[in-house]
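Asker: Sequence first, predicted coordinates after that:
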Amino acid sequence: MAGTREIFIKELSDNLGSKRFWLLFFIIYALGLFMTYGAVQNLGLQRTLGENVFLQLFVIGAQGLPSFLWVVIYLAPLLGFIFTFDTINREISSGTLGNVLSQPVHRDSVINAKFFAGVATIALTLIGIIFMEVGLAVRSLSVLPTLEEMGRILIFLFLSIVYLSIWVALGLLFSVIFRREGTSALASVAVWLFFSFFVYMIATPMKSLTLLYFSPNYLFLEASYVVLNPTVRILGPVSIEKLYGMIATPLPLDQSLLLVWPNITSLIAVTVIIFALSYVKFMKQEIRAI
Amino acid sequence: MDLSLAIETHDLTKKYNDFVAVDRLNLSIKQGELFGMLGPNGAGKTTTVLMLLGLTEPTSGTCRVLGYDPFREPLKVKSLSGYLAERMGVYEDLTPEQNLRYITKLNQIPESESRKRIEEALDSVGASEYADVKVGKLSRGMRQRVGIAGVLVKKPKVAFFDEPTQGLDPEGKKELLDLLRRISREEKTTVLLLSHMLADLQHICDRMGIMLKGKMVAQGTIDELRSKRGEDWVIDIEAESVPSKLVHDLSALHGVKSVDRSGNVVTVRSEKDIRSAIMEAFLHNKVYPISLRARERSLEEIYMGYLGES
């Protein structure tokens, strides 16, 4: 695709060079490292067989503090849409989009490159922090993660990237829909607040798990929890029949994956749908306005 | 299809719902020509250029840029042509040098070639000393130059400039127009210059077109535009006295459209040069003219005439 690579490189370097990126980057890295350190220190984790220390690092966190999983679920979406919420409309209002489109590039190169630059940014950030945490734990615990643990961590990494891609795509969609950068920022924050907090406020009194399944946050929470906790064997409402005769041993990796397969496909589907919407909207936009 | 034509349109039409932005436009611009498109805001000039660049799909009609259909082969057309939009579209957080580099990258110009071209382009617009200052810190005139350098760096065969003089001071305007003229002469680039200011166009353009409400109402060289409209001659005659019989005689002359008298000056409007007939009429009435002067209708008046009609 003509121009995609060039635009991708520019967008990525814009993202990585922006103040907003460094702001969130430091918050996430500081929180992540602090929590790992706290978890190692306070919980007195020790390597015993089947303990999966390295996985617990991400789920339990330090005393009285939320876990790294919590940071990814609630805070990291900001990192997802903070680059994309104004990526199209700002270029329209400054006229630079018209300039780029008058160069020999396809129109969809622009939106594809912007989406993938956003995904690449969050992927780099997540890979960095997760491996730093693992490294920190290796140093303080003096043990190495098992192959199974590494596999689960890599799957968690993949899940996080997919989950944050939803927010990248959402920001992109709003930047195509709304003319004003302020409006798309507010819309992104509103959606983030709704799925992070309000959806639980509605679903909990209604005792509706179905409603929660509409929230990407919950889908990701559930999937990550299962991937990072091999002992979780069952999801959703539990009946006595299901529990009867169940053996309380950890699941192997492929069985855990099987359990959250619907969550993984839904997360990917949501990303694709939101990106497709912004793609179509962008391609159909009358250039006169650009 | 004529290969010597850089731009050719045939009944090109663009409708936005019920609004007709461009109405059956027929335009042909030769290679190397500097063509000025004059018209008020909203006349359809920008829409025409967007269609020529393949950025907007025509509702009907066809157009060709250097023989290519912009809608079938947009990349071909876009790599051969440069476009400076009304809002320029330079990245304010980048330096002029970085802006131009992005353009050369998007055009797949190799690195070694690109450095040379960027230097040349910034040099020819006189912005090389600001090459490493962020565009956001530059004056409007300097940004405009950077925008033009962005067109030059592509070495386009056809260049479109949309209101490039807007917001510039008179000196900056003159320099910019001279620059466009130079580009068209030296690089043999076909230039299509859009403006709503007649003064911008009349001194530098080879040919001009006047566009109103999506229609090209007149086109040709400046002399052609002048002569195309009837009522070409306005003749002022000053005499010691002007008897009303003389006015009557003058009105009766062949080709006269109107005769106005104010004090001792008579103004005759006619289709052609009838100065000798007027002299005869004066002498016949035994009135001796002190002066006789044919006033040329300025292009401004012609333009205003078209504007008034619409």
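Answerer: Cool, got the structure.
Asker: Could you use CA atoms for every contact and neighbour count after this?
Answerer: OK.
Asker: quick one, what contacts residue A:78?
Answerer: Each residue near residue A:78 by CA atoms under 8 Å, 6 or more residues apart in numbering or on different chains is listed here: A:24, A:167, A:192.
Asker: And the pLDDT for the closest residue to chain A within the stretch 1-150 of chain B?
Answerer: In the stretch 1-150 of chain B, the residue that lies nearest chain A is residue B:89 (3.7 Å; CA to the nearest CA). For residue B:89, the pLDDT comes out at 84.
Asker: Low-confidence stretches in the chain?
Answerer: Answering for chain A, as no chain was given. Scanning chain A for pLDDT under 70 picks out A:1, A:42-51, A:61-63, A:236-240, A:242-243, A:245-248, A:288-290.
Asker: Correction: the question concerned chain B.
Answerer: Low-confidence segments of chain B (pLDDT under 70): B:1-3, B:227-232, B:296-298, B:309-310.
Asker: For it, list the residue farthest from the centre, please.
Answerer: When each C-alpha in chain B is compared with the mean C-alpha position (CA atoms, centre = their mean), residue B:286 comes out farthest, at 48.1 Å.
Asker: quick one: it is in a strand?
Answerer: No - under DSSP: H, G, I helix; E, B strand; the rest coil, residue B:286 falls outside any strand and is assigned coil.
Asker: neighbours of whichever residue of the stretch 151-290 of chain A sits closest to chain B, just the number please.
Answerer: Chain B sits closest to residue A:287 of the stretch 151-290 of chain A, with a gap of 6.2 Å, by CA to the nearest CA. Residue A:287 is flanked by 18 other residues according to other CA atoms under 10 Å in any protein chain shown.
Asker: on that earlier part again, by neighbour count, which of the contacts of residue A:78 wins?
Answerer: Highest neighbour count within the contacts of residue A:78, by other CA under 10 Å: residue A:167, with 29 neighbours.
Asker: Figure out the helix or strand that it lives in.
Answerer: helix A:147-177 (DSSP states H and E).
Asker: what's that helix packed up against?
Answerer: Applying 3 or more CA pairs under 8 Å, 6 or more residues apart in numbering or on different chains; DSSP states H and E, one finds that helix A:147-177 contacts helix A:53-60, helix A:76-81, helix A:107-141, helix A:181-193, helix A:216-228, helix A:253-284.
Asker: which stretch among those helices comes nearest residue B:170?
Answerer: Ranking the helices and strands packed on helix A:147-177 by proximity to residue B:170 (CA to CA) places helix A:181-193 first, at 35.1 Å.
Asker: contacting residues around the next helix or strand after that closest one?
Answerer: Downstream of helix A:181-193, the next assigned helix or strand under DSSP H and E is helix A:199-206. Helix A:199-206 has contacts (CA under 8 Å, 6+ apart) with A:209, A:211-212, A:215.
Asker: buried residues in the helix or strand just after helix A:199-206?
Answerer: Proceeding N to C from helix A:199-206, the next assigned helix or strand is helix A:209-212, under DSSP H and E. Buried positions in helix A:209-212, judged by neighbour count with 16 or more other CA atoms under 10 Å in any protein chain shown: residue A:212.
Asker: what's helix A:209-212 packed up against?
Answerer: Helix A:209-212 sits against helix A:199-206, with contacts defined as 3+ CA pairs under 8 Å, 6+ apart.
Asker: Among the contacts of residue A:78, find me the one that's closest to residue B:163.
Answerer: Among those, residue A:167 lies closest to residue B:163 (CA to CA), at 39.4 Å.
Asker: List the contacts of the closest one.
Answerer: Counting by CA under 8 Å, 6+ apart, residue A:167 makes contact with A:77-78, A:80-81.
Asker: Turn these into TSV, columns for distance to residue A:127.
Answerer: Output for these, formatted as TSV (distance: CA to CA, whole Å):
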residue	distance to residue A:127
A:77	16
A:78	17
A:80	14
A:81	18
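Asker: buried subset of the residues you listed?
Answerer: Buried residues within these, counting neighbours by 16+ other CA under 10 Å: A:77-78, A:80-81.
Asker: any idea how far the residue of the stretch 151-290 of chain A closest to chain B is from residue B:152?
Answerer: Taking CA to CA, to the nearest Å as the measure, residue A:287 falls 23 Å from residue B:152.
Asker: Could you do residue A:110 as well?
Answerer: Relative to residue B:152, residue A:110 is positioned 23 Å away (criterion: CA to CA).
Asker: ditto for residue A:169
Answerer: Noted for residue A:169: a distance of 36 Å to residue B:152, by CA to CA.
Asker: Just want to know which of the two has more residues nearby.
Answerer: Legend: neighbour count by other CA under 10 Å for residue A:169 and residue B:152, higher for residue A:169 (30 against 26).
Asker: Pretty sure residue B:176 is one of the things residue B:193 touches, is it not?
Answerer: No - using CA atoms under 8 Å, residue B:193 is not in contact with residue B:176; the gap is 11.9 Å.
Asker: Can you tell me which of the buried ones among the contacts of residue A:167 lies closest to chain B?
Answerer: Of all the buried ones among the contacts of residue A:167, residue A:81 has the smallest distance to chain B: 20.6 Å, by CA to the nearest CA.
Asker: My understanding was that the residue of the stretch 151-290 of chain A closest to chain B contacts residue B:55; is that so?
Answerer: Yes - taking contacts as CA under 8 Å, residue A:287 lies within contact range of residue B:55: 6.4 Å.
Asker: which parts of chain A sit against chain B?
Answerer: Neighbours of chain B within chain A, by CA under 8 Å from any CA of the partner chain: A:3, A:6-7, A:94-106, A:286-288.
Asker: Not counting residues beside it along the chain, what's closest to residue B:260?
Answerer: Closest residue to residue B:260 apart from its sequence neighbours, by CA to CA, 6 or more residues apart in numbering or on different chains: residue B:267 at 5.1 Å.
Asker: For the residue nearest the centre of chain A, give me its contacts.
Answerer: Geometric centre of chain A, nearest residue: residue A:164, 2.6 Å, by CA atoms, centre = their mean. Contact analysis of residue A:164 by CA under 8 Å, 6+ apart lists A:76-77, A:79-80, A:119, A:122.
Asker: again, only using 10 Å
Answerer: A:72-73, A:76-81, A:118-119, A:122-123, A:126, A:158, A:170, A:216-217, A:220, A:267, A:271 (CA atoms under 10 Å, 6 or more residues apart in numbering or on different chains).
Asker: cool, and residue B:85?
Answerer: Residue B:85 neighbours (CA under 10 Å, 6+ apart): A:95-96, A:98-99, A:102, B:46, B:49-50, B:147-148, B:160-164.
Asker: swap in residue B:212?
Answerer: Contacts of residue B:212 by CA under 10 Å, 6+ apart are B:21-23, B:38-45, B:218, B:306-307, B:309-310.
Asker: Give me the buried subset of the residues you listed.
Answerer: Buried subset of the contacts of residue B:212 (neighbour count, 16+ other CA under 10 Å): B:21-23, B:38-39, B:43-45, B:218, B:306.
Asker: Make a markdown table from those residues and add secondary structure and distance to chain A to it.
Answerer: Below are these laid out as a markdown table (DSSP: H, G, I helix; E, B strand; the rest coil; distance: CA to the nearest CA, whole Å):
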| residue | secondary structure | distance to chain A |
| --- | --- | --- |
| B:21 | strand | 11 |
| B:22 | strand | 13 |
| B:23 | strand | 16 |
| B:38 | strand | 19 |
| B:39 | coil | 18 |
| B:43 | coil | 14 |
| B:44 | coil | 11 |
| B:45 | helix | 12 |
| B:218 | strand | 25 |
| B:306 | helix | 26 |
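Asker: Nice, that's everything, thank you.
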